[in-house]
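In: got a sequence here, can you build the structure:
(one chain, ligands or ions: 1)
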Amino acid sequence: MPALSGIQPTGPFHWGNYFGAIQQYIELQDTEAQSYYFIANLHALTTVRDQELLRQYTLNGAIDLLALGLDPDKAVLFVQSDVPEVSELCWLLLTGTPMGLLERCVSYKDKMAKGIKADAGLFTYPVLQAADILAYDATVVPVGEDQLQHIEVCRDIAQSFNHHYGEVFTLPKGKVLDQSARVPGTDGEKMSKSYGNTLAVFEEEKKQRKQIMRIQTDSRPMEDPKEPDGDVLFDLLKLVGSEEEISEMAATYRKGGFGYGDAKKALANAAERYWGPARERRAEWAAKPDAVREVLAAGAAKARAKAGEVLGRAQEACGVKSW
Ligand code: TYM
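Out: Okay, here's the model as predicted:
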């Protein structure tokens with residue numbers, strides 16, 4: 001059961017990226033026969049148009065994943081653009097993709113609604129994502145909830161190709177975690193770089209504390225008993241707190257008479273304990289960028305071997321090879 005997922009290097013990774021997706025990558029590298037994880041720099045081109053920044057974010061993304069526990073001896077870690085076979089496969093898929101399928105994609109519709117000018121890259125983004133997944137015969141795609149629609153689109157594209165040309169592609173399934181499929185940000189909305197409500201995984205301690213103290217809480221009097229689930233502070237504590245801290249906080253919410261300031265302090269302390277060790281590992285990897293580049297080059301070689309095999313199969317099936 002090959003697992004695969006990608007993450008865009010559009011800035012520092014945040015708690016949503018980690019608890020929705022990266023945490024699953026780390027778990028699956030031990031249980032799945034083969035797993036592929038990549039930095040989706042071609043997708044990031046749809047938003048990051050500063051070449052130096054994109055280079056920096058790409059290398060930093062790999063450093064972050066290594067520091068968070070991705071093990072290159074267990075999983076294949078690479079940069080998307082190092083596997084040109086995927087872009088070639090993308091073209092084969094584009095030719096059979098109905099416009100209407102892409103027009104229905106929420107991430108595209110949302111950006112249009114916000115007045116962001118769309119280019120063809122943004123519109124066809126899900127087709128490149130489908131190529132990413134299909135190129136490795138991936139069956140399990142660990143993601144946050146927001147990516148499920150793209151995985152459905154991928155299945156539609158694969159099914160229609162298979163229907164037309166024969167069984168070429170394996171159909172993938174998205175995998176989300178119940179407790180963190182949609183991690184809330186500091187304003188209670190889904191945590192997302194484009195909403196400016198993120199808590200970065202590798203934030204410096206003082207800044208993280210400040211950001212947590214600024215989390216928007218509801219305006220009900222603090223004396224009132226309150227259901228903890230669905231409250232942003234409690235939901236975030238559930239991700240980084242110990243079992244004891246979580247049950248204590250739940251009891252305090254239900255009893256009432258507590259202050260949000262105390263809840264924020266408890267969250268900041270738990271966060272520091274949770275991220276501290278990874279921050280140290282990150283400093284170690286960051287000190288040896290060439291070793292990171294070597295990991296990525298070795299990963300790309302493995303990824304290309306697999307993607308080349310699948311691309312060959314697809315080319316053969318649709319008549320652009322052996323003519
Ligand atoms: P991206 O870079 O936006 O996000 C990376 C991963 O983090 C998850 N995520 C969240 N999960 C829970 N709560 C949140 N608040 C939250 N915010 C982000 C995302 O669901 C994702 O799993 N299109 C993809 C990148 C991609 C990809 C692929 C993914 C390119 N090719 C192939 C899977 C397979 C994206 O933009 O993710």
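
In: mind showing which ranges of the stretch 151-300 of the chain have poor pLDDT?
Out: Scanning the stretch 151-300 of the chain for pLDDT under 70 picks out the ranges 221-222.

In: all helices of the stretch 51-200 of the chain, in order?
Out: Along the stretch 51-200 of the chain, the stretches classed as helices by DSSP state H, counting those that start in this stretch are 51-67, 84-94, 99-103, 106-113, 120-134, 148-165.

In: return the distance of the third one from the chain's centre.
Out: Mean-position distance between helix 99-103 and its chain equals 23 Å (C-alpha atoms, centre = their mean, to the nearest Å).

In: need the residues of the chain near the ligand, please.
Out: The chain comes close to the ligand at residues 5-8, 16-17, 20-21, 40, 43, 129, 132-133, 141, 143-144, 146-147, 150, 180-183, 190-192, as judged by C-beta under 6 Å from any ligand atom. All C-beta spots, glycine's among them, are computed from the backbone N, C-alpha and C.

In: so which of those are in strands?
Out: 5-7, 141 (DSSP state E).

In: in JSON lines: the residues you listed, plus pLDDT and neighbour count.
Out: Putting those into JSON lines (pLDDT from 0 to 100; neighbours: other C-beta atoms under 10 Å) gives the following:
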{"residue": "Ser5", "pLDDT": "98", "neighbour count": "24"}
{"residue": "Gly6", "pLDDT": "98", "neighbour count": "23"}
{"residue": "Ile7", "pLDDT": "98", "neighbour count": "21"}
{"residue": "Val141", "pLDDT": "98", "neighbour count": "25"}
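
In: state the pair within those residues that is farthest apart.
Out: Spatially, the most separated pair among these is Ile7 and Val141, at 12.0 Å (C-beta to C-beta).

In: next, count neighbours for the residue in the stretch 101-250 of the chain that the ligand sits nearest to.
Out: The minimum distance from the stretch 101-250 of the chain to the ligand, using C-beta to the nearest ligand atom, falls at Gly144 (2.1 Å). Close neighbours of Gly144, defined as other C-beta atoms under 10 Å, add up to 22.

In: and for Ala278?
Out: Counted by other C-beta under 10 Å, the residues lying close to Ala278 total 16.

In: cool, and Ser81?
Out: The burial count for Ser81: 18, using other C-beta under 10 Å.

In: ok, it touching Asn41?
Out: Yes. Assessed by C-beta atoms under 8 Å, Ser81 is found in contact with Asn41 at 5.3 Å.
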